[in-house]
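**Student:** here is the input, now give the coordinates:
(chains A and B)
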Protein chains: 2
Amino acid sequence: MNKKLVVIGGDAAGMSAASKVRRENPDWEIVVFERSPHTSYAACGIPYYIADQVKNSDSLIARTPETFIKKYNIQAKVNHEVLQIDPKKSSILVRNLLNGVEFWEIYDELLIATGAAPIRPDLPKINSAGVFSISTLQSGIEARTYMDENRPNKAIIVGGGYVGIEMAEALLDRHMEVTLIDRSSQLMQTLDPEMAKILEDYMREKGVIVRVGESLVNIYADEKGNVMKVGTDKKNLDAEVVILGIGITPRSNLAKEAGIELGEAGAILVNRLMQTSIKHIWAAGDCATSYHILKEAETFRALGTIANKQGLFAGSNISGKEMEFPGVLGTAISKFQDLEIARTGLSESEAKEMNLDYVATTIKSSNFASYYPGSAPIHVKLLARKDNKRLIGCQIVGFEGSAKRIDTIAAAIMGKLTPFDLAFSDLSYAPPFSGVWDAVQIAARRLL
Amino acid sequence: MNKKLVVIGGDAAGMSAASKVRRENPDWEIVVFERSPHTSYAACGIPYYIADQVKNSDSLIARTPETFIKKYNIQAKVNHEVLQIDPKKSSILVRNLLNGVEFWEIYDELLIATGAAPIRPDLPKINSAGVFSISTLQSGIEARTYMDENRPNKAIIVGGGYVGIEMAEALLDRHMEVTLIDRSSQLMQTLDPEMAKILEDYMREKGVIVRVGESLVNIYADEKGNVMKVGTDKKNLDAEVVILGIGITPRSNLAKEAGIELGEAGAILVNRLMQTSIKHIWAAGDCATSYHILKEAETFRALGTIANKQGLFAGSNISGKEMEFPGVLGTAISKFQDLEIARTGLSESEAKEMNLDYVATTIKSSNFASYYPGSAPIHVKLLARKDNKRLIGCQIVGFEGSAKRIDTIAAAIMGKLTPFDLAFSDLSYAPPFSGVWDAVQIAARRLL
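**Tutor:** As a prediction, the model looks like this:
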């Protein structure tokens, strides 16, 4: 029987799902409503676009609405905002943002893939010109255009997470004076403090003014409405541009108002088939929870990799081909200039919170053979459970070739390997790539 | 009870074992006989030393004989060749190569770690000046010294394996005209033909004259004894220097003459405790067999990673702390200039030989996000069994960051993961490191 799938949100999760449903069901009607003017873009590429390492915003777009319409017969309607879900009538209220027209659209299956919104503190001048959150492609284009036109010199970045450190690199590339403030005592809450400190020291060395343990309390604008200063709990700092990277919150209001159950951090609670608490309504991506394999719980983890996977699984399940989402490990990777950062599984802080009986070790080795040109430090922190001996987490901070080693640990965790298994696995070695014992194996041996 | 361990061979396996025994048994007497003047050196670094990327041969030495003597109380006797093993008398006949004195040395436990020898074809002028095998550090120093002094222009490399391709890079770095001949129809027998072809094409593009399907049949020298030409089965080629990289053979003669059982390719047959067929005699490293996890058999695999591990396991077992060697997957990695090459597990040729029912796929993707600067191709070939669905092999050829991804697959094979498990594992993603679906996951999805 042919059905009609309606998708709210046209980025990674929504479009992955729509594409999967199209592959499985050539005859279904598929309609996607996207509030912004863009579909399927690489939000993670925005800092590199602002840095001008990526020249053109179009190259961040994987597929345009036209491609979806012509090539996949998916009605991708951009500039359309969904205002309400009525599960009883299996319909949603939509507004065309270009002409203001509102209409009800009926669905057989509904996928909510509304993503997450950057958190914006409730300050009087938060909407001053020059204050940017980096989230949608549109927000990235606006930030870059503003900087191209106004050539600001002094930048304040609020928040030392992934957005913060990538934007610090981007703004240094734009020859700006960059100050990064974070209210916590460390950058990168997803790393343990001693690993985050290596990054912090390196950022300072490369010219970023890092102010940890300092909170944004005010924003000041001039009479034209341009940002002028930020106030922290310690002092006022000049600012010609402000980047907010203080976290994101799932866009789950539509779902909540429709009576759909929410989970961690207010994300739409889904099961491993991507079903919400209301029949025929599914959710995927940054707006939805993700099953965490090691925590054995639905958690809020908003990342492009997860959104793509969940979209694919949602699409398969909507099509009646049951596929259980295996879950996530909290793997993430980034870099600041040539210092790479990666993590997977549980940090020591998380292991403590879970009251796990674990062992942890941190080693320093070299990315390549120590005598090979360009050889530089790599730091690896590795954790394993004491009871079943399994590896449960890893953090890596180091130079060229360091971070992608995290995938070896992610695969090892998926395969339930122990430190012994990892230490003596037949990993690769040649002088331009690692020492004869790879850094992750040195860490594993230390755990033994 | 304190014992006396005697080790024949002072490189990776021998010294790893000696060091492990010392850590476990502070009071044992440990004597190592090494024929060359060097201990514990990085043979894999030799091409980079010849290329002058590594300036000093000393930096390839991890630990000198003096360090072993002073710091570890290990009597590391270099320039000592072992001539005979007498298992009945638990003793070996040793010759001091500096003064010609021969003596018998008694052991309680004997470890044979004699490594492997480069194969040298039986040709009349094979010992001409300018003809080099690259194996020991001494051989590398001799080759470099010869090239520094004679400034040859035309080089012939015989054999397109790891030594051949790494030496091709090194000699191009020395601004030489490089011709590589291989009697097989492809380079890199450890790769399947279509993957090896990508490398071959790239080597040609970068100026190497590659002549596959062509065998060395003769070597010609001038009246001073310097190499002048090589003859192949097709034509004569001018040569001012010749590098032989046509394979290695385990140095197992001493063992064989002592009545010790040999295995694949004439390597000393060991069990997973590194025991030979004669009690109190152990073997490890390139002279010994390695248990292959997927072939479930003792095979001949001569690599530094394996030698280090086997040495460690031998040392532990000699000390009475039983540790079973988990085995190898045939993982290997290398590069030619900026093209990286890696493999693990079974190639398609090996899977066919074993009559396995398998599926294989080859994909081309990009190493980084396609829009990120420096993004370049990565080719991944992935194999899985049809019966138990497990991953059994992978080959990767591609640019920056490609090759070390092989460790993800090695860990996945160790963890008995299937293509489904790998495809939807929580691997890392950020634009400077990979696409949102890592290339290995794209290959895994294709296998589904």
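
**Student:** count of neighbours near the residue in chain A that chain B sits nearest to?
**Tutor:** For chain A and chain B, the shortest gap (Cβ to the nearest Cβ) falls at A:G415, measuring 1.3 Å. Backbone N, C-alpha and C define where each C-beta goes, glycine included. A:G415 has 22 neighbours, counted by other Cβ atoms under 10 Å in any protein chain shown.

**Student:** try A:E149
**Tutor:** 8.

**Student:** do the same with A:N153
**Tutor:** A:N153: 12 neighbours (other Cβ under 10 Å).

**Student:** pretty sure it is touching A:E177, no?
**Tutor:** Yes - under the criterion of Cβ atoms under 8 Å, A:N153 lies in contact with A:E177, with a separation of 5.9 Å.

**Student:** if we can go back for a sec, which phi and psi values does the residue of chain A closest to chain B adopt?
**Tutor:** phi -90, psi 10 (degrees, to the nearest 10).

**Student:** who in the stretch 1-150 of chain A is up against chain B?
**Tutor:** Counting by Cβ under 8 Å from any Cβ of the partner chain, the stretch 1-150 of chain A comes close to chain B at A:A12, A:A42, A:C44, A:G45, A:Y48, A:Q53, A:V54, A:S59, A:L60.

**Student:** now render those as CSV, adding pLDDT.
**Tutor:** Shown next, in CSV, are those (pLDDT from 0 to 100):
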residue, pLDDT
A:A12, 95
A:A42, 90
A:C44, 93
A:G45, 95
A:Y48, 96
A:Q53, 95
A:V54, 95
A:S59, 93
A:L60, 94
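
**Student:** and these, which two are the farthest apart?
**Tutor:** Farthest pair in those (Cβ to Cβ) is A:A12 and A:Q53. Separation: 21.3 Å.

**Student:** the more surrounded of these two?
**Tutor:** More crowded of A:A12 and A:Q53, by other Cβ under 10 Å: A:A12, with 30 against 18.

**Student:** which ones are touching the closest residue to that one other than its chain neighbours?
**Tutor:** Using Cβ to Cβ, 6 or more residues apart in numbering or on different chains and skipping the chain neighbours, the partner closest in space to A:A12 is A:A307 (3.9 Å). Shown in contact with A:A307 (Cβ atoms under 8 Å, 6 or more residues apart in numbering or on different chains): A:D11, A:A12, A:A13, A:S16, A:A113, A:G115, A:A284, A:G285, A:D286.

**Student:** returning to that earlier point: pLDDT value on the closest residue to the residue of chain A closest to chain B other than its chain neighbours, please?
**Tutor:** Once flanking residues are discounted, A:G415 sits nearest to B:G415: 1.3 Å by Cβ to Cβ, 6+ apart. Looking at B:G415, its pLDDT stands at 98.

**Student:** if I pick B:G415, what's in contact with it?
**Tutor:** Going by Cβ under 8 Å, 6+ apart, B:G415 touches A:A411, A:A412, A:M414, A:G415, A:K416, A:L417, A:D421.

**Student:** and with 7 Å instead?
**Tutor:** A:A411, A:A412, A:M414, A:G415, A:K416, A:L417 (Cβ atoms under 7 Å, 6 or more residues apart in numbering or on different chains).

**Student:** please, which helix or strand holds the residue nearest to A:A12?
**Tutor:** When elements are assigned from DSSP states H and E, A:A307 belongs to helix A:304-318.

**Student:** given the helix or strand following that helix, what are its sheet partners and their directions?
**Tutor:** Following helix A:304-318 in sequence order, the next helix or strand is strand A:332-336 (DSSP H and E). Strand A:332-336 pairs in its sheet with strand A:339-345 (antiparallel), by DSSP bridges.

**Student:** if we can go back for a sec, how close does the residue of chain A closest to chain B get to A:D387?
**Tutor:** Using Cβ to Cβ, to the nearest Å, A:G415 is found at 18 Å from A:D387.

**Student:** okay, and A:L382 sits in which element?
**Tutor:** Going by DSSP H and E, A:L382 is in strand A:377-385.

**Student:** that strand and chain B, are they touching?
**Tutor:** No - contact of strand A:377-385 with chain B (Cβ under 7 Å from any Cβ of the partner chain) is absent, the minimum separation being 11.8 Å.

**Student:** show me chain A divided up by domain.
**Tutor:** Listed domain ranges for chain A are A:4-44+A:62-117+A:249-318, A:120-246, A:332-447 (source: automatic domain parsing).

**Student:** ends of the last one, what's the gap?
**Tutor:** To tie it back to what came earlier, the one meant is domain A:332-447. Its start and end residues considered, domain A:332-447 measures 23 Å (Cα to Cα, to the nearest Å).

**Student:** now that domain: how far from the chain's centre is it?
**Tutor:** 21 Å (Cα atoms, centre = their mean, to the nearest Å).

**Student:** what does the longest one give?
**Tutor:** Using Cα atoms, centre = their mean, the distance from the centre of domain A:4-44+A:62-117+A:249-318 to the centre of the chain it belongs to is 17 Å.

**Student:** residues near A:K4, how many?
**Tutor:** A:K4, neighbours per other Cβ under 10 Å, totals 15.

**Student:** I'd say it and A:E29 touch.
**Tutor:** Yes - here A:K4 reaches A:E29: they are 4.2 Å apart, a contact under Cβ atoms under 7 Å.

**Student:** which residues of the stretch 301-448 of chain A score low on pLDDT?
**Tutor:** Applying pLDDT under 70 to the stretch 301-448 of chain A flags no residue at all.

**Student:** just give me the residue right at the centre of chain A.
**Tutor:** For chain A, A:L303 is the residue whose C-alpha lies nearest the centre (Cα atoms, centre = their mean; 3.2 Å).

**Student:** wait, that one sits on A:A332?
**Tutor:** Yes - counting by Cβ under 7 Å, A:L303 touches A:A332, with 6.4 Å between them.

**Student:** hang on, the earlier thing: which residues touch the residue nearest to the centre of chain A?
**Tutor:** A:A332.

**Student:** kindly report the same for A:D173.
**Tutor:** So A:D173 contacts A:A51, A:D52 (Cβ under 7 Å, 6+ apart).

**Student:** and what of A:G140?
**Tutor:** Counted by Cβ under 7 Å, 6+ apart, A:G140 has contacts A:I46, A:Y49, A:I50, A:I134.

**Student:** drop anything exposed from these.
**Tutor:** Buried members of the contacts of A:G140, counted by 16 or more other Cβ atoms under 10 Å in any protein chain shown: A:I46, A:Y49, A:I50, A:I134.

**Student:** just those: which are in helices?
**Tutor:** The helices, defined by DSSP state H, take in A:I46, A:Y49, A:I50 from these.

**Student:** in the stretch 1-150 of chain A, which spans are strands?
**Tutor:** A:4-8, A:29-33, A:75-77, A:80-86, A:91-96, A:102-106, A:109-112, A:116-118, A:131-133 (DSSP state E, counting those that start in this stretch).

**Student:** circling back to that earlier point, now the residue nearest to the centre of chain A: how far from A:N2?
**Tutor:** 34 Å.

**Student:** kindly report the same for A:P124.
**Tutor:** A:P124 is 53 Å from A:N2, where distance means Cβ to Cβ.

**Student:** what do you get for A:K77?
**Tutor:** From A:K77 to A:N2 the distance is 20 Å (Cβ to Cβ).

**Student:** helices of the stretch 101-250 of chain A, start to end?
**Tutor:** Secondary structure of the stretch 101-250 of chain A (DSSP state H, counting those that start in this stretch): helices at A:137-150, A:162-173, A:193-205.

**Student:** will you turn these into TSV that also has mean pLDDT?
**Tutor:** Shown next, in TSV, are these (pLDDT from 0 to 100):
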stretch	mean pLDDT
helix A:137-150	96
helix A:162-173	98
helix A:193-205	98
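
**Student:** all set now, cheers.
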